[in-house]
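> take this sequence and fold it.
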Amino acid sequence: MIQCIMRQLQAYSLACHPNADLATKNKCSKKAVFPGSFLQDMIDQNNDTRMIYAISNSPAHACLHIGVEEYSAMEGHVYLPKEYMDLYFIQDGDTVDVEAVFPPKATKIVVQPSSKSF
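Numbering: from 1, shown residues only. Next up is the predicted model:
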């Protein structure tokens, strides 16, 4: 059984990551950088699903679902794309709630053309 993984972290933009190469390389990334303890928690639970996290900013009551770029953040920190921080009113140093999300695996897909001139 998968246990809920939920923590509070301080959010910073990717540009604030100590590794300047990572900030430059992931300038257009849509994923976040989490601490290594998050990966260890997933390994300890034998979780082989895709790792997606819900990040919420309490004052704005907004929730963002985001994937993982890598696990190299300092403990207690998460590095997010600047455009997401702006969109969800998160400032550098704000405390955010982070929770692991386990979406169900898809079993089918239905594709329909949007017009008859397909």
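> ranges for the strands of this structure?
Using DSSP state E, the strands assigned to the chain run over residues 6-13, 32-35, 52-57, 62-73, 77-80, 95-101.
> check these for me and report the most buried one.
strand 77-80 (a mean of 24; mean count of other CB atoms under 10 Å). C-beta: built from backbone N, CA, C; applies to glycine.
> report the mean confidence score over it.
Average pLDDT, strand 77-80: 94.
> what does stretch 108-118 give?
83.
> now the strands of the chain in CSV, with distance to residue 115?
Listed next are the strands of the chain as CSV, based on distance: least, CB to CB, whole Å:
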stretch, distance to residue 115
strand 6-13, 41
strand 32-35, 37
strand 52-57, 33
strand 62-73, 31
strand 77-80, 38
strand 95-101, 35
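> closest to residue 43 out of those?
Evaluated over the strands of the chain, closeness to residue 43 peaks at strand 62-73, with 10.5 Å, by CB to CB.
> specify the beta-bridge partners of the residue nearest the centre of the chain.
Compute the mean C-alpha point of the chain, and by CA atoms, centre = their mean the closest residue is residue 66, 3.3 Å away. With DSSP bridges as the criterion, residue 66 is bridged to residue 53.
> from what I can see it touches residue 51, true?
No - between residue 66 and residue 51 there is no contact under CB atoms under 8 Å: 10.1 Å.
> in the chain, which ranges drop under the pLDDT threshold?
Residues of the chain meeting the criterion pLDDT under 70: 1-4, 23-28, 46-50, 59-60, 118.
> recalculate using a threshold of 90.
1-7, 14-31, 36-53, 56-65, 67-72, 82-84, 87-89, 99-106, 111-118 (pLDDT under 90).
> which one's the longest helix in it?
helix 36-44 (DSSP state H).
> neighbouring contacts of it?
Helix 36-44 is contacted from outside by 5, 7, 51, 53, 68, 71-73, 75, 98, 100, using CB atoms under 8 Å, 6 or more residues apart in numbering.
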